[in-house]
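Visitor: return a 3D structure for these sequence lines:
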Amino acid sequence: MNSVRRIDIVMPVYNDWDSFCQLAHGLDTAVSDWGHSVRILAVDDGSLDEGNGLVTDLRDLEHIEEIRVHRLVSNLGHQRAIAVGLSEVCRENSSDAVIVMDSDGEDRPEDVRALRDAFMQDPHRIVVAQRARRSEGPLFRLFYRIYRLAFVVLTGRNIDFGNFMLIPGKFIEPVTHSGWIWNHLASGIVRMRFPIRAVPTERGTRYAGESKMNPVSLIVHGFSAMSVFSDTVFVRVLLVSLVLSVGTAVGILMVVLIRLLTEMAIPGWATNAVGLLFVIFLQALLLSAGAAVLLLATRSQQTVVPALDSERHVRSRTTVFSR
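Guide: Numbering: from 1, shown residues only. Predicted coordinates:
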């Protein structure tokens, strides 16, 4: 892969400029012997602090070619900021690969080398960072396991990686023209069935501040991931509710037959059993109808295509460092 000329690194930033500067210096060391151009694109996701001291803090970099900050009009959230950044790179059409990572230090700069080396060995796969060990607390890990289990049950797929990945340049256009990454990048990659290679990494520690991820945000993140497979989820819910409806209907019929044809029934038991089963039957029917309506609604909605729609969210583009 001697033909690699440029690799872009895209990262969302929200009021985390101190961590961003530390990460930029770490990356400057990590890419020192790569032999090709490396640029950083920071997507400012509506930060209140615009990092006015960036030019001074970054002036001693030796190996990063350029650092740009694209400021969004408003806060879109982590996933959509990444989608905007990837779309910006796609418009330039000059990158041989794009690395996506967080800007707070939890994605370690030294692991970027592992992603790049795997890409150099096999340039036809998306290289993802697979956490060999997680560093969060027990409550977060419990919720994370529940999320993973729910995702498998509802979608039939398994996701064991996050945003930290390297996307070969030839995949950037199809990725950014998919509406799925607007809600969740990793889930969209799985949905599009791109070939994937996993590289084991460890989660780093934040350079500054506290993690914004908590059980509540994890739940929201999980629903965003599942929304990519909304049609699959709705179909599975529809099938379960239909099975439940048939089961309760059979149960009602059996209760009636026992009451009329045998002497096994306890007085009042048949009425209570039929009433309870009928309530479950109605709820299952309503669940089926709701799942069907939601499925049809999602099929008729206009899809956001990041490559086409993201530019209107960019307020300004600034080069804060260039060699």
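
Visitor: and the gap between the spatially most central residue of the chain and residue 93?
Guide: What sits nearest the mean C-alpha location of the chain, by CA atoms, centre = their mean, is residue 184, with 3.2 Å. Distance of residue 184 to residue 93, computed by CB to CB, to the nearest Å: 25 Å. Where you see a C-beta, it was placed from the backbone N, CA and C, and this is true even at glycine.

Visitor: cool, and residue 28?
Guide: 25 Å.

Visitor: residue 68 too?
Guide: 16 Å.

Visitor: which residues in the stretch 1-150 of the chain form helices?
Guide: 17-30, 54-57, 78-92, 111-121, 138-155 (DSSP state H, counting those that start in this stretch).

Visitor: what's the least confident stretch among those helices?
Guide: Ranked by mean pLDDT, the helices of the stretch 1-150 of the chain bottom out at helix 54-57, with a mean of 75.

Visitor: list the buried residues for that one?
Guide: 54, 57 (16 or more other CB atoms under 10 Å).

Visitor: and the strands in the protein?
Guide: 6-13, 37-44, 66-72, 97-100, 126-133, 165-168, 196-202, 314-322 (DSSP state E).

Visitor: weakest of those strands by average pLDDT?
Guide: strand 126-133 (a mean of 86).

Visitor: quick one, that one and helix 111-121 angle?
Guide: 140 degrees (axes from the mean of the first three to the mean of the last three CA atoms, to 10 degrees).

Visitor: partner strands of strand 126-133 and their direction?
Guide: strand 165-168 (antiparallel), strand 196-202 (parallel) (DSSP bridges).

Visitor: would you confirm that residue 73 contacts residue 316?
Guide: No: contact between residue 73 and residue 316 fails when scored by CB atoms under 8 Å: they sit 9.4 Å apart.

Visitor: need the overlap of contacts for those two.
Guide: Counting by CB atoms under 8 Å, 6 or more residues apart in numbering, no residue touches both residue 73 and residue 316.

Visitor: can you list the domains in this structure?
Guide: Here the domain assignment for the chain is 6-138+157-214+305-322, 231-300, based on automatic domain parsing.

Visitor: any idea which of these gets closest to residue 144?
Guide: Residue 144 lies closest, by CB to CB, to one member of those: domain 6-138+157-214+305-322, at 7.3 Å.

Visitor: and the closest one, how far out from the chain's middle?
Guide: 13 Å (CA atoms, centre = their mean, to the nearest Å).

Visitor: list the contacts of the residue lying farthest from the centre of the chain.
Guide: For the chain, the C-alpha farthest from the mean C-alpha position belongs to residue 263; by CA atoms, centre = their mean, that distance is 58.9 Å. Listed by CB under 8 Å, 6+ apart, the contact set of residue 263 is empty.

Visitor: got TSV for the domains of the chain, with distance to residue 146 too?
Guide: Formatted as TSV, the domains of the chain follow (distance: least, CB to CB, whole Å):
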stretch	distance to residue 146
domain 6-138+157-214+305-322	13
domain 231-300	16
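
Visitor: count of residues packed around residue 19?
Guide: Using other CB atoms under 10 Å, residue 19 has 19 other residues around it.

Visitor: look up how far residue 27 lies from the closest residue to it other than its chain neighbours.
Guide: Nearest non-adjacent residue to residue 19, counting by CB to CB, 6 or more residues apart in numbering: residue 207, 4.0 Å away. Residue 207 is 12 Å from residue 27, where distance means CB to CB.

Visitor: between the two, which one's more packed in?
Guide: Each of residue 207 and residue 27 has its neighbours counted (other CB under 10 Å); residue 27 has more, 23 against 17.

Visitor: quick check, the more buried one in contact with residue 40.
Guide: Yes: counting by CB under 8 Å, residue 40 is a contact partner of residue 27 at 7.0 Å.

Visitor: shared neighbours, those two?
Guide: Shared contacts of residue 27 and residue 40 (CB under 8 Å, 6+ apart): 9, 64.

Visitor: ends of stretch 54-65, how far apart?
Guide: By CA to CA, to the nearest Å, the extent of stretch 54-65 from end to end equals 15 Å.

Visitor: please apply the same query to stretch 93-105.
Guide: 28 Å.
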